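**Student:** Build me a model from this:
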Amino acid sequence: TVSVPVGLVLMLLLALRRMADDLRVDVKERHGQPVLAVNSSVTFMTASAVRDAVEHHLRDGKLRVLDLRGSHFIDATGAMALAQVLHAHPDVEAWVMRERGWRKMLHAGIPQERIRLIGNQAVSMPEVFRAVEASAA
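**Tutor:** Numbering: from 1, shown residues only. Below you'll find the predicted structure:
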């Protein structure tokens, strides 16, 4: 009877550890410009490490885009940490892939004009949304 709760706790701890170890923040070339790509979850477990890594890369002032399309999950704590970074760097905009990420960033206090809903590499989500809105009108 004790083995099931112990197993669940161990599974949770290992999953949380994996999330913390999965931090990937790299400078990449996208859409003809250098961007800072965050390719890991930004959660309560990783928010401070992601914030520190992003701050480190943005210090020189050369990067103007924080590409969050590779962040498969951003929770409220992660969105707040990213909002702190973006408030400290007013010339940087955030790119997100899903409307859910756009809304989280908006609720964290990032102005709408600094968040771009880019979509993935294959489909331009803003164009899809415009086409759907146009067909509904």
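**Student:** Pull the CA coordinates from stretch 23-34 and hand them back as PDB.
**Tutor:** Provided in PDB are the C-alpha atoms of stretch 23-34 (Å, rounded to 0.1, in the frame of the first residue of the first chain):
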ATOM      1  CA  LEU A  23      16.400  24.400 -20.300                       C
ATOM      2  CA  ARG A  24      17.400  25.500 -23.800                       C
ATOM      3  CA  VAL A  25      17.900  29.200 -24.700                       C
ATOM      4  CA  ASP A  26      19.800  29.800 -27.900                       C
ATOM      5  CA  VAL A  27      20.400  32.600 -30.400                       C
ATOM      6  CA  LYS A  28      19.000  31.600 -33.800                       C
ATOM      7  CA  GLU A  29      18.400  33.100 -37.200                       C
ATOM      8  CA  ARG A  30      14.600  33.300 -38.000                       C
ATOM      9  CA  HIS A  31      12.800  35.300 -40.600                       C
ATOM     10  CA  GLY A  32      16.000  37.000 -41.500                       C
ATOM     11  CA  GLN A  33      16.900  38.300 -38.100                       C
ATOM     12  CA  PRO A  34      18.700  37.000 -35.000                       C
END
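**Student:** can you give me how far that stretch is from the chain middle?
**Tutor:** Its chain's C-alpha centre and that of stretch 23-34 lie 13 Å apart, by Cα atoms, centre = their mean, to the nearest Å.
**Student:** contact partners of it?
**Tutor:** Contact with stretch 23-34 is made by 35-40, 46, 49-50, 53-54, 57, 62-65, 67, 70, as judged by Cβ atoms under 8 Å, 6 or more residues apart in numbering. Just so you know, the C-beta spots here come from the backbone N, C-alpha and C atoms, and that holds for glycine as well.
**Student:** ok, now which ones touch the nearest residue to residue 93 once chain neighbours are set aside?
**Tutor:** In space, not counting the residues next to it along the chain, residue 93 is nearest to residue 114; the distance is 4.7 Å by Cβ to Cβ, 6 or more residues apart in numbering. Applying Cβ under 8 Å, 6+ apart, we find residue 114 in contact with 86, 92, 93, 94.
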